[in-house]
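1. kindly return the folded structure for what I paste below:
(one chain, ligands or ions: 3)
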Amino acid sequence: MGAFSLITDTERRVPRVVVVGLASCFGCQLQITNAEQYLMQILGQIDLQYWQLVTSEDMPDQYDVAIIEGAVTTRESEETCKAVRAKAAHVMAIGACATTAGVTGMAMPGLDGRIAEVYGDGLPDASGEFIAPRPVSAVIPVDSEVRCCPIDPLDFVAMLQRALFGSNRSLDTRTLCSDCKRNETECFYNSGTLCLGLVTRAGCGARCVNLGRPCNGCAGLSPDANLDAARAACDTYGVSRADFDKALEMFNQVNPVLAESGDE
Ligand code: SF4
Ligand code: SF4
Ligand code: SF4
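-> Residues are numbered from 1 along each chain as shown. Ligands and ions are numbered 1, 2, ... in the order given. I've put the predicted structure just below:
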């Protein structure tokens, strides 16, 4: 683990990159193709050895940068993460599933009952042993993350550039409202409408709010989030606290901060 830099690599080898999918809809891998005009440029900077979306070949034995999409939901995927970590100089988690457990995390609580509901008594061999859904960072140290459901292609390109060339720029910890205020859009709370931007990690540029839709928190909770203050704001603007807490579950179901905050 640690800084991986093309510039300081003594062999000046083109970085070998793999893209791995765990429990996900593969939508974030698909988003990579939407980087369109930047894609050929990226491909000139890397040796793309494996991309799960487009191949049924096995993963190579050696690589430098591993991009992981999807939540960890089985023992097998847990072992995959550990094996990847042991080989890659840089591990990047992409998408809500990989960074917060995302929609997959909504299978909690009552996971066993849900599995039984879907599979009955006979789990398919291919599924392996299920474990509680968790983000990649709950299993191995992660060097960088691209958040949201799905990822923004240009965020991905920017993060990959950082991974390739080394960067000490840290991830945003601010809440989304700071971006939203810069965009000078009117706050949804003024019309009594729930918006999770109050507690969601900044970074997407308040994409949904700019399109006239409230944030549903796909970037996950910000470390700077003040849940108590946000619930108090709900009271002030006539938004239901219960609705606020329910909405948070979509992308933060397995976030310990949410569990600790409890119900007010
Ligand atoms: S974050 Fe969203 S788009 Fe990406 S893999 Fe998960 S469900 Fe699909
Ligand atoms: S709560 Fe939503 S609409 Fe209001 S400022 Fe924050 S991000 Fe913008
Ligand atoms: S505005 Fe909210 S829901 Fe939309 S992309 Fe950003 S973090 Fe995700």
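2. the helices in the chain, which residues?
-> 27-33, 39-43, 75-87, 95-100, 111-119, 153-165, 176-183, 207-210, 227-236, 241-252, 256-261 (DSSP state H).
3. tell me the most buried of those?
-> Counting by mean count of other C-beta atoms under 10 Å, helix 95-100 has the highest mean neighbour count of the helices of the chain, with a mean of 30. In this view, the C-beta of every residue, glycine as well, is placed from N, C-alpha and C.
4. which residues outside it are in contact with it?
-> With C-beta atoms under 8 Å, 6 or more residues apart in numbering as the test, helix 95-100 has contacts from 22-25, 27-28, 68-71, 93, 102-104, 135-137, 145-151, 218-221, 251-252, 254-255.
5. repeat that for stretch 115-128.
-> 74-76, 130.
6. correct me, but Val18 touches Ala66?
-> Yes: if you go by C-beta atoms under 8 Å, Val18 and Ala66 touch, sitting 5.2 Å apart.
7. got any residues that touch both of these two?
-> With C-beta under 8 Å, 6+ apart as the test, Val18 and Ala66 both reach 84, 88.
8. who has more neighbours out of these two?
-> Ala66 (29 against 21; other C-beta atoms under 10 Å).
9. end to end, how far does stretch 176-191 reach?
-> End-to-end distance of stretch 176-191 (C-alpha to C-alpha, to the nearest Å): 18 Å.
10. how about it and ligand 2, touching?
-> Yes: contact between stretch 176-191 and ligand 2, assessed by C-beta under 6 Å from any ligand atom, occurs at 176-177, 180-181, 187-189.
11. mind checking pLDDT for the residue in the stretch 151-264 of the chain that ligand 2 sits nearest to?
-> Per C-beta to the nearest ligand atom, Gly197 is where the stretch 151-264 of the chain lies closest to ligand 2, at 2.2 Å. pLDDT for Gly197: 97.
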